[in-house]
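A.B. asks: Requesting a structural model of the entry that follows:
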Amino acid sequence: MSESTRVLTDEEIRRLEEEFDPESRFRTVTKPVLILSGVLLLLLSLYHFYTAGFGIPRATTHRGVHMGISLFVVFLSFAALARNRHHTDEPGVLGIPFYDWALAIAGLVTSLYVPWIYDQLAFRIGNPSTLDIVMGTILLITLLESVRRSMGWPLPLIACLFIAYAYFGRSMPGILVHPGADWGNIINHLYLSSQGIYGTALGVIATYVFHFVLFGVMAQKIGLGQLFIDLATALTGRFAGGPAKVSVISSAMLGTISGSSIANTVTTGALTIPAMIRIGFKKHFAAAVEAASSTGGQITPPVMGAVAFLMVEYLGIPLRTILIAAIVPAFMHFFGVLVQVHLEAKRLGIRGLREEELPKAWKVLREGWMSVFPLILLVWMLMSGRTPFLSAFWAITACIVVFIIQRVQAAGGVKGLRDAAEGVVEGFISGARQSLSVTAASALVGVVIGVVTLTGVGFKIAFMVTSVAQGWAMSVHSALGVLPFEIFTIGTLSLLFTLMLTAVVCVLMGCGVPTTANYIIMIAVAAPVLGMMNVEPIVAHFFVFYFGVLADVTPPVALAAYAAAGIAGANGFQAGNTAFRLSMGKAMVPFVFVFSPSLLIVTEAFTIQDFLLAFLGATLGILSLSAAITNWLMAPLWKIERVALVIGALLLIAPELTSSLCGAAILLAVTIRQWPLRDRGNPAPAE
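C.D. replies: Modelled structure (predicted):
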């Protein structure tokens with residue numbers, strides 16, 4: 001087997017994930033430091049596991065403990081400079097520089113300071129003491145540095161810009177001017193109140209997300225991820241372009257337990273990308289399929305990264321409502337990728353896997369049925385109205401029980417129990433380690449949100465965006481006035497341009513900021529924008545979320561695509577462009593559910609007629625656009641047919657019966673013309 005098509009080892013997968021995911025770039029440490037950080041991470045996981053099942057303490061205490069331990073370990077785990085990541089001989093204690101120990105202790109002490117003085121805060125908010133200001137300033141510095149180390153420069157720079165805006169408000173131009181705030185007031189708002197660092201973002205990570213990250217790690221330990229890959233291979237591997245379809249289906253399944261695009265990419269891509277290349281797909285296309293599919297994992301219920309739980313807090317609605325709303329849009333994304341994969345395979349005449357290359361579905365389920373039980377339990381508890389953290393507690397418990405049974409069956413009594421205990425400890429440490437960077441980021445995002453609430457800048461930005469959109473709408477409406485009939489009203493055009501501007505900002509922001517942080521920042525800024533256009537809150541949140549996720553496959557910073565390209569040996573930029581093309585369904589669907597909220601099922605405007613019209617229109621629209629992009633429906637397309645299919649796709653996704661019927665008529669006409677030519681693709685490439 002050639003170098004480009006061999007299956008990667010676990011060590012190679014780990015290195016790839018470290019290369020493309022800043023959150024995985026842990027430093028090499030001496031054994032005493034490894035033991036210390038391991039003990040702290042284990043205690044953090046045990047603390048969260050216990051509180052999930054038996055009650056969470058006071059919010060500020062809970063968030064302070066979580067942040068303090070996390071920041072302490074961050075400075076032990078991430079080096080200040082990349083070149084020092086693998087050095088263990090720096091001046092300091094146990095190979096860790098003195099300034100890292102100082103930052104670690106400072107992060108822990110300042111995080112616990114607010115919970116310590118909590119009972120006095122009622123008399124001090126608005127009039128912070130000198131010690132309060134000093135502590136808050138130190139925590140702010142440690143947060144900026146911890147996020148810079150674990151995620152890079154973009155988010156700390158954004159936070160610094162917002163802080164500068166709060167301080168220099170009187171010097172801002174035009175509508176952005178505000179009275180400004182002195183440093184004491186800024187620290188008071190960001191540190192001592194619940195509107196800043198200790199706000200909703202950190203609370204959601206500490207109360208919900210940590211548990212689901214831990215569940216994902218334990219689910220992988222009991223073999224659920226491998227079961228998904230094997231089952232997807234058994235069900236779809238035999239069809240045209242089989243490994244590519246396996247990539248789409250397995251990534252969708254893995255998305256139910258993983259909210260990380262890059263982790264999903266390297267986990268499934270290590271198997272599917274070499275198989276796709278082997279049967280004839282180009283390297284960059286194979287990488288793009290895996291990247292586009294894996295990015296969809298962040299929008300797949302029930303985990304959805306951290307965003308589902310943030311929506312619960314921001315919108316004040318049950319988690320099951322969020323999960324139901326996410327089902328159809330997630331389906332649309334994977335359907336769009338799957339259709340383009342199928343058409344590309346047909347165009348190139350690429351076969352599926354042979355019978356001897358396929359596992360048997362019944363055998364996969366017979367051997368791994370226990371691995372599915374914790375996920376089924378989790379979904380059942382969430383949908384029955386249990387709290388997310390209690391649901392996660394029992395799902396993690398189920399994973400531990402299944403893991404013990406598996407180890408005892410594999411190794412026997414005492415040895416099996418010892419192996420199981422070691423595995424659970426390892427899983428708990430790994431789960432806590434994976435939450436370090438997102439904890440630091442969520443606390444720093446609290447700074448951005450705090451500045452927004454302190455200055456009211458969100459509504460000022462909303463006014464500017466809607467003003468620009470309305471200006472464009474009036475210009476376009478005037479240009480269309482020469483037609484004998486009205487196509488779009490000024491209100492519709494204003495909303496369309498507002499959505500387009502919001503989408504562009506979300507994608508640009510997502511190029512340097514992780515999905516969760518991007519969502520929190522953009523919802524603080526974009527929610528007022530869309531609210532002014534009378535968009536339902538849940539619809540606005542989903543719109544912002546989807547375009548933030550799209551940044552993972554949008555060049556020039558398409559991290560998931562670059563990770564997949566590393567496995568395929570392909571050009572990362574080319575893979576990113578192709579992955580963006582494959583994700584067009586994800587880019588189209590948010591516009592559909594804004595204009596037809598029934599697609600989210602749980603909105604106030606839901607009717608079965610509107611839902612069916614939007615669902616069928618979006619499905620056929622994605623098919624039509626995919627055919628035009630791929631240059632294949634049942635045979636090669638004429639140029640005029642490709643143009644017609646693009647127009648038909650736009651008409652189909654417009655949630656209006658007349659336009660949908662016109663779009664369907666275009667698709668039907670092209671289909672009828674192509675029907676006699678079906679299945680006349682190119683011969684399969686030589687292996």
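
A.B. asks: for stretch 650-665, how far is the first residue from the last?
C.D. replies: Terminal residues of stretch 650-665 lie 13 Å apart, using Cα to Cα, to the nearest Å.

A.B. asks: Quick check: longest helix in this protein by residues?
C.D. replies: Longest helix in the chain, counting residues (DSSP state H): helix 319-348.

A.B. asks: and it, what's its mean pLDDT?
C.D. replies: The pLDDT scores in helix 319-348 average 92.

A.B. asks: just stretch 580-595 next, same as before
C.D. replies: Mean pLDDT, stretch 580-595: 86.

A.B. asks: Check stretch 394-403 too.
C.D. replies: 96.

A.B. asks: what comes up buried for that stretch?
C.D. replies: Residues of stretch 394-403 classed as buried by neighbour count (16 or more other Cβ atoms under 10 Å): 394, 395, 396, 397, 398, 399, 400, 402, 403. The way it works is simple: take the backbone N, C-alpha and C, and place the C-beta from them, glycine included.

A.B. asks: quick one, strands of the stretch 1-150 of the chain?
C.D. replies: 92-93, 96-97 (DSSP state E, counting those that start in this stretch).

A.B. asks: most neighbours per residue, which of those strands?
C.D. replies: Of all the strands of the stretch 1-150 of the chain, strand 96-97 has the most neighbours on average by mean count of other Cβ atoms under 10 Å, namely a mean of 20.

A.B. asks: What pairs with that one, parallel or antiparallel?
C.D. replies: Counting by DSSP bridges, the strands paired with strand 96-97 are strand 92-93 (antiparallel).

A.B. asks: okay, now residue 313: neighbour count?
C.D. replies: 15 (other Cβ atoms under 10 Å).

A.B. asks: Which residues are in contact with the residue nearest to it when sequence neighbours are not counted?
C.D. replies: Excluding the flanking residues, the one nearest residue 313 by Cβ to Cβ, 6 or more residues apart in numbering is residue 200, at 5.0 Å. Neighbouring residues of residue 200 by Cβ atoms under 8 Å, 6 or more residues apart in numbering: 310, 313, 314, 446, 449.

A.B. asks: how far away is residue 200 from residue 284?
C.D. replies: From residue 200 across to residue 284, the span is 40 Å (Cβ to Cβ, to the nearest Å).

A.B. asks: And for residue 143?
C.D. replies: For residue 143, the distance to residue 284 - Cβ to Cβ - is 38 Å.

A.B. asks: Comparing those two, which residue is more hemmed in?
C.D. replies: Shown here are residue 143 and residue 284; by other Cβ under 10 Å, residue 143 has more neighbours (28 against 23).

A.B. asks: Past the strand or helix carrying residue 451, which element shows up next along the chain?
C.D. replies: Per DSSP states H and E, residue 451 falls inside helix 436-455. Reading on from helix 436-455 to the C-terminus, the next helix or strand found by DSSP H and E is helix 457-479.

A.B. asks: what inclination does that next one have with respect to helix 436-455?
C.D. replies: 80 degrees (axes from the mean of the first three to the mean of the last three Cα atoms, to 10 degrees).

A.B. asks: Tally up the residues packed near the residue nearest to residue 61 when sequence neighbours are not counted, please.
C.D. replies: Nearest non-adjacent residue to residue 61, counting by Cβ to Cβ, 6+ apart: residue 115, 4.3 Å away. Look at residue 115: counted by other Cβ under 10 Å, it has 21 neighbours.

A.B. asks: Quick check: the gap between residue 115 and residue 190.
C.D. replies: Counting by Cβ to Cβ, the gap from residue 115 to residue 190 is 16 Å.

A.B. asks: quick one on the thing from earlier: pLDDT (mean, whole number) over the helix holding residue 451?
C.D. replies: 92.

A.B. asks: Packing partners of it?
C.D. replies: The helices and strands touching helix 436-455, judged by 3 or more Cβ pairs under 8 Å, 6 or more residues apart in numbering; DSSP states H and E, are helix 59-77, helix 130-151, helix 154-167, helix 200-204, helix 515-532.

A.B. asks: Redo the ones you listed as TSV? Include distance to residue 464 and mean pLDDT.
C.D. replies: Shown next, in TSV, are the helices and strands packed on helix 436-455 (distance: least, Cβ to Cβ, whole Å; pLDDT from 0 to 100):
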stretch	distance to residue 464	mean pLDDT
helix 59-77	34	96
helix 130-151	28	95
helix 154-167	14	93
helix 200-204	25	91
helix 515-532	9	83
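
A.B. asks: nearest to residue 425, of the ones you listed?
C.D. replies: Closest approach to residue 425 among the helices and strands packed on helix 436-455 (Cβ to Cβ): helix 59-77, 15.9 Å.

A.B. asks: Which secondary structure elements does that closest one sit against?
C.D. replies: Against helix 59-77 (3+ Cβ pairs under 8 Å, 6+ apart) you get helix 31-54, helix 98-116, helix 130-151, helix 200-204, helix 413-434, helix 436-455.

A.B. asks: list the buried ones in the second one?
C.D. replies: Taking 16+ other Cβ under 10 Å as the neighbour-count basis, helix 98-116 is seen to contain the buried residues 100-101, 103-104, 106-115.

A.B. asks: nearest to residue 528, of those?
C.D. replies: Using Cβ to Cβ, residue 114 comes nearest to residue 528 of the buried residues of helix 98-116, at 28.6 Å.

A.B. asks: In contact with that closest one, which residues are there?
C.D. replies: 60, 64, 121, 191, 192, 198.

A.B. asks: Any of the residues you listed buried? List them.
C.D. replies: By the neighbour-count criterion of 16+ other Cβ under 10 Å, those include these buried positions: 60, 64, 121, 191, 192, 198.

A.B. asks: rewinding a little: could I get the buried residues of stretch 394-403 as CSV with secondary structure and distance to residue 272?
C.D. replies: Formatted as CSV, the buried residues of stretch 394-403 follow (DSSP: H, G, I helix; E, B strand; the rest coil; distance: Cβ to Cβ, whole Å):
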residue, secondary structure, distance to residue 272
394, helix, 32
395, helix, 27
396, helix, 28
397, helix, 32
398, helix, 28
399, helix, 25
400, helix, 30
402, helix, 26
403, helix, 26
